[in-house]
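Participant: What follows is a predicted protein model with its sequence.
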Amino acid sequence: MTEIIDILSSAGLWAAVLRIATPLIFGTLGALLCERAGVLNLGIEGIMTFGAMIGWLAVFNGADLWTGILVAAISGGVFGLLHALFTVTLGLSQHVSGLGVTLFASSFSYYIFRLLVPVAGTPPTVEAFQPIDIPGLSDIPFIGPAFFTQTSPTYLAIVLAFVLAYIVFKTPLGLAIRMTGENPHAAEAQGINPIVIRYGCVIVGSGLMAIGGAFLTLSAFNSFFPTMVQGRGWICIALVVFASWRPSHALLGALLFAFFDGFQFRLQTVLSGVVPYQVFLMIPYILSITALAVMARRARVPQALMQPFRRGER
Amino acid sequence: MMENALEISGVSKSFGDNLANDNISLSLAKGEIVALLGENGAGKTTLMNILFGHYVPDQGKVSVMGKELPQGKPREAIRAGVGMVHQHFSLAANLTVLENVITGTQNIWSVATDTKNARQKLLEISKRFGLVVDPDARLGDLSVGEQQRVEILKALYNDAQILVLDEPTAVLTNIEAEQMFSTLKDMAKQGLSLIFISHKLDEVMATADRIFVLRGGKSVAERLVGDTNKSELAELMVGREVKRPVREASQPGEVILNAEKVSVQQGGVDRLKAVDFHVREGEVLGIIGVSGNGQATLAQLLSGTVKRADGTITLFGEEVGDLSVPEVVDRGIGRIPEDRNHEGVIGEMAIWENAVLERIPEFSKNGLVDRSAGVKFADDVISAFDVRGATPTKRIRLLSGGNMQKLILGRNLLKQPRLLLAAQPARGLDEGAVAAVHERILNARKNGTGVILISEDLDEVLALADRIQAIVGGRLSPSVDAEDANARKMGLMMSGEWADQEVRDEV
Amino acid sequence: MRFERRENQPLLLIFATPLIAVVAALALSGVLIALAGAPVFEAYWNIVKGAFGSRLSTTETLTRAIPLMLTGLAAAIAFRAKLWNIGAEGQLYIGAITVSAVSSQLLAGTPSFIQIPVLLICGAIAGMILLLIPLWLRLRFSVDEVVTTLLLNFVAILFVSMLIDTVLKDPLAFGWPQSLPVEDDAMLPRILTRSRLHIGLFIAIALAIIIYLIQTRTVFGLQSRAAGLNPEAAVFAGVPLGRTLVLVAMISGGFAGLAGAVEVMGVQGYVTTELSPGFGYSGIVVAMLANLNPIGVILAALFIATMFVGADGMSRVMEIPTYIADVTVALSLLSMLVAIFFTQYRIRR
């Protein structure tokens, strides 16, 4: 019991929570934006992988870190464009198209990585983002080291959640997006082009997913290796449901999730030898499934999610 | 002469080989109400979609207030003052009334939605035209009538000078419809121009100043309302005289189905509340009501897809529990579902598969499908019920709505059911197909089948039913004999006004 | 420009679509090979040689196709009923570890003719159970099974990893995490000597034919197709939706579990976390390339196996990463989607 209290009262845990949450926040916000406009984007796992690879590769080849993030975002947007082409223009199954994008984006990442980065005993590294102490706040005992000594993408992720919440609920653009996700025909009747809205949301949302991936290689770690995304994309898809399609809840969900993840990681060292470490690693996935089961019926799903929009067809 | 508010000239549009609009022209003056009359498939909706910029016409142009509209740009049409009230509401159930109204009205890149002024404008408009509705209510929580008000408010909020209403009464009760038409007349007095699309002669005669009749994609006539009458319009609309079959007197037999105090709950809501009804052999019981009042549940109950919460059902003289679909079919109950495309057929499956799916125990042995028997059955249905353009192995989505419905009728009637449930059997069909469907139903009645006809079309019920019950809010009125029924009385009953004593039927 | 639904799908087009899709995928991958500075045609020739250049490589390709056929069938059956089972990878692992556990713990010493069928059935049942969880979540709580089956893949593999680290660890494996081997009597007979090709090939092909017959001839086949195409109409016609989906899930999960069992009993003999190079995910591509037709699955699995085995061979002689095979497989899924679309729609201005 005392061990658990020790874990909970260590600033390191809470700092780790924010770090673990960051890629999830980006990914969840990206997936949420797509789904608000009515498109399920299962390309997320692959897009995060590609973002992780290409962002890292850019920095490895001399670009600065923010350029790396930007490159990742743009590449994510390109995959988003592909997914939008399939699901919006052609109206194909969003499930299968998304899985196709994931398979393609991840295998393409590995291919490029193998091609351009020579095989070495230890994977090559880059100089990653360093934590930034927020002046004043970071000096507060416990709170400071726990919450205000993060790398800048983490701060960006948190700010972004609020920005997206504002856009979705307080601006005309947000209204247009929500109506497109609820009833694209209604949006069209109001002079909004649902196709443009869907393209925009899928492209921007995929860009955000890719940034989430890039965080892994440019901040959380400093190298890239295959399968490093480890199902984080799928967890984000679950988190969107858990958040009931609200950006602020997505932030909370990601933090809650990261808390359990960080906590289990520290618990492992305490309980090693008693409980196999795999049990702890399963927790995030089982948690996601549980969250889905609890929330699926309660959440207010965008009514036109997964419904292709064809002009003049109802 | 005054400038026309709207001028449509020489518009043509085809989809594939189908000429939906053929050189149509019409005009609308300020403050005028014009009705666009035509059957399903006459091209009304296509024309309005062109006017509103959803479709680009192959030929012709649309001018508003003397200025030509750019083609295929809904936003431009809105800006020019055209407002459309769709038959299927274009509303988002999870947004509020205000949000539904203002989406798309403000600069999409502005950093904040201006809800304050928007709310004020909405309230002013709703006061001016007497369209009361709470701006902050979630749209999905409103009644159908209220939703239509929102739909109209939406158009007015965009400063519409021309209002296009597509089948505005399709989902309203008679009382609601009367209210709406008086609102529309009021709007015209205030200077708005209105076009409404309809196939109902009564409301066209009562409301419009001028009438255009569309048939087969062509504009076939233009009449001032004072210069015409219902029978002329009917003939113009159909293009020939269509005789709807007439119900002959008959002597109903035994009671085959009797339901007492039956209640059904779905999703925690009481959909049917202690309803009583019965049907005899060789009799048509009409259930009239505006959709959304429980008729879907009633149909599901008799189809075997929902369970009762309470009450007893006696079928063919024997009290039965909740029957499953195969049991219902096995006992000789034919079922025509309300929604052909969603419930009645599976578009991507072959016609023969659609014909036998619900009676698969008859067409299989030891779990193996007897394909040749199924194909033969489908062949029999096709020839006996005149299903045009059908072969058993063709996918059923290639059939027209009318022929699809004939197939559904046929698979049920070929084997002489003792009871037939027909839910909205003529919905969305053109006149010819309606007549064919009605004839089949009356034929079945003559052969001793008891029929339960669920419909929202009063004319249909009055023409076919021996007795009529109204359904309102999940409750059924006592039955009225066809001889005592008229449109006025039925209209009142459909809005929930019935005296339990006056119309009590002796079983 | 708009798309218009075709009245009839030309039969020729239906057969041509997978070929068109594969050619498109190869062309696109060719661009990537060219980008790597390698001669494209030589690379493809090396892939063909790598897959069929010798007796050994040919049998390897066929061996590799076996689990792909089974996972492909698992996906094809489920997708046809609109049950999105993306969890074949996890089901495969659970099937595999079950075989290892049952063989080493319960059936030690029993003769082949008992052990082999019992183990195959156990593997299949394990896969079934793993898919019934997400199905139950869907039917009970309306949870989308795509995400749950995906997440369960990770859980399943971690579970396997845990077992081979603890109770099922092989003490003779020099500390490597690998499971106790299945009994020699449990190994599937080889079809050819001096190769790894085992009778799993016949099992998979026979199952494909059986599934084809079930889908086209039986009431269950008709009903599961109806349930997938239009659940509302299926319910109206009296199709027991829940029961049909449960049966579909049992077959689908069972086949994926069987894939794991067959891979352990036919090739590896024991389980590691490296047992499957993504057979479960590739199975989705196999199913889509086959247009969900069970017979087509056989051919599609052969194509995918050719790419994987061939790319291994090619990368030994050329400087192209083997991942090119994964890229081609993914691209063939995407191009197949587009190809299927154009069998159903045409462009109209």
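Facilitator: Looks like it came in fine. Numbers count the residues shown, from 1 in each chain, chains lettered A, B, ... in the order given.

Participant: Residue B:380 and residue B:414 touch, don't they?
Facilitator: Yes: using CB atoms under 8 Å, residue B:380 is in contact with residue B:414, at 6.2 Å. (C-beta placed from N, C-alpha, C; glycine too.)

Participant: number of nearby residues for the residue of the stretch 301-450 of chain B found nearest chain A?
Facilitator: Distance from chain A to each residue of the stretch 301-450 of chain B (CB to the nearest CB) is smallest for residue B:341, at 11.0 Å. For residue B:341, the tally of surrounding residues (other CB atoms under 10 Å in any protein chain shown) stands at 17.

Participant: Which residue, other than its chain neighbours, is closest to it?
Facilitator: In this structure, residue B:341 finds its nearest non-sequential neighbour in residue B:347, 7.0 Å apart by CB to CB, 6 or more residues apart in numbering or on different chains.

Participant: what's near enough to touch the residue of the stretch 101-250 of chain C found nearest chain B?
Facilitator: Nearest to chain B in the stretch 101-250 of chain C, going by CB to the nearest CB, is residue C:238, at a distance of 3.0 Å. Neighbouring residues of residue C:238 by CB atoms under 8 Å, 6 or more residues apart in numbering or on different chains: B:304, B:324, B:325, B:326, B:328, B:329, B:357, B:358, B:360.

Participant: can we see that at 6 Å?
Facilitator: Counting by CB atoms under 6 Å, 6 or more residues apart in numbering or on different chains, residue C:238 makes contact with B:325, B:326, B:358.

Participant: what's the burial count for the first one?
Facilitator: Yep, that's residue B:325 we're talking about. Under the neighbour criterion other CB under 10 Å, residue B:325 is assigned a count of 20.

Participant: Same check on the last one?
Facilitator: Other residues within reach of residue B:358, judged by other CB under 10 Å, total 25.

Participant: Surely it is within a helix?
Facilitator: Yes: counting by DSSP: H, G, I helix; E, B strand; the rest coil, residue B:358 is located in a helix.

Participant: Excluding residues flanking it in the chain, which one is nearest it?
Facilitator: Closest to residue B:358 by CB to CB, 6+ apart is residue C:237, at 3.9 Å.

Participant: Give me the number of neighbouring residues for the one you found.
Facilitator: For residue C:237, the count of nearby residues is 28 (other CB under 10 Å).

Participant: Would you mind listing what in the stretch 201-349 of chain C touches chain B?
Facilitator: C:217-219, C:222, C:226, C:229-230, C:232-233, C:235-238 (CB under 6 Å from any CB of the partner chain).

Participant: okay, the residues you listed in TSV with pLDDT and secondary structure next?
Facilitator: As requested, those are exported to TSV (pLDDT from 0 to 100; DSSP: H, G, I helix; E, B strand; the rest coil):
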residue	pLDDT	secondary structure
C:217	93	helix
C:218	95	strand
C:219	95	helix
C:222	95	helix
C:226	95	helix
C:229	93	helix
C:230	93	coil
C:232	91	helix
C:233	94	helix
C:235	93	helix
C:236	93	helix
C:237	94	coil
C:238	93	coil
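
Participant: Quick check: of the residues you listed, which has the highest neighbour count?
Facilitator: Most neighbours among these, by other CB under 10 Å: residue C:237, with 28 neighbours.

Participant: What confidence value was assigned to the residue sitting nearest the centre point of chain C?
Facilitator: For chain C, the residue sitting closest to the mean C-alpha position, by CA atoms, centre = their mean, is residue C:71 at 2.1 Å. Looking at residue C:71, its pLDDT reads 98.

Participant: Buried residues of the helix or strand where residue C:100 lies, list them for me.
Facilitator: Taking DSSP states H and E as the criterion, residue C:100 maps to helix C:88-105. In terms of neighbour count (16 or more other CB atoms under 10 Å in any protein chain shown), helix C:88-105 has its buried residues at C:88-104.

Participant: rewinding a little: now for the nearest residue to the residue nearest to the centre of chain C once chain neighbours are set aside, how many residues are close by?
Facilitator: Excluding its sequence neighbours, the residue lying closest to residue C:71 (CB to CB, 6+ apart) is residue C:283, at 2.7 Å. Number of residues near residue C:283 (other CB under 10 Å) recorded here: 33.

Participant: what packs against the host helix or strand of residue C:283?
Facilitator: Here residue C:283 sits within helix C:279-289, counting by DSSP H and E. In this structure, helix C:279-289 packs against helix C:55-80, helix C:88-105, helix C:294-317, helix C:323-344, with contacts taken as 3 or more CB pairs under 6 Å, 6 or more residues apart in numbering or on different chains; DSSP states H and E.

Participant: most packed of the ones you listed?
Facilitator: A comparison of these by mean neighbour count, using mean count of other CB atoms under 10 Å in any protein chain shown, puts helix C:88-105 on top with a mean of 28.

Participant: closest point of chain B to chain C, which residue?
Facilitator: Among the residues of chain B, residue B:325 lies closest to chain C, at 3.0 Å counting by CB to the nearest CB.

Participant: actually the stretch 151-300 of chain A, not the one I typed
Facilitator: Of all residues in the stretch 151-300 of chain A, residue A:278 sits closest to chain C, at 3.7 Å by CB to the nearest CB.

Participant: got the CA positions of the helix or strand of chain A with the lowest mean pLDDT in CSV?
Facilitator: Scoring the helices and strands of chain A by mean pLDDT, DSSP states H and E places helix A:143-147 at the bottom, with a mean of 75. The C-alpha coordinates for helix A:143-147 follow below in CSV (Å, rounded to 0.1, in the frame of the first residue of the first chain):
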residue,chain,number,x,y,z
ILE,A,143,3.2,20.7,-9.1
GLY,A,144,6.1,22.4,-10.9
PRO,A,145,8.2,19.3,-11.8
ALA,A,146,5.0,17.3,-12.3
PHE,A,147,3.2,19.5,-14.8
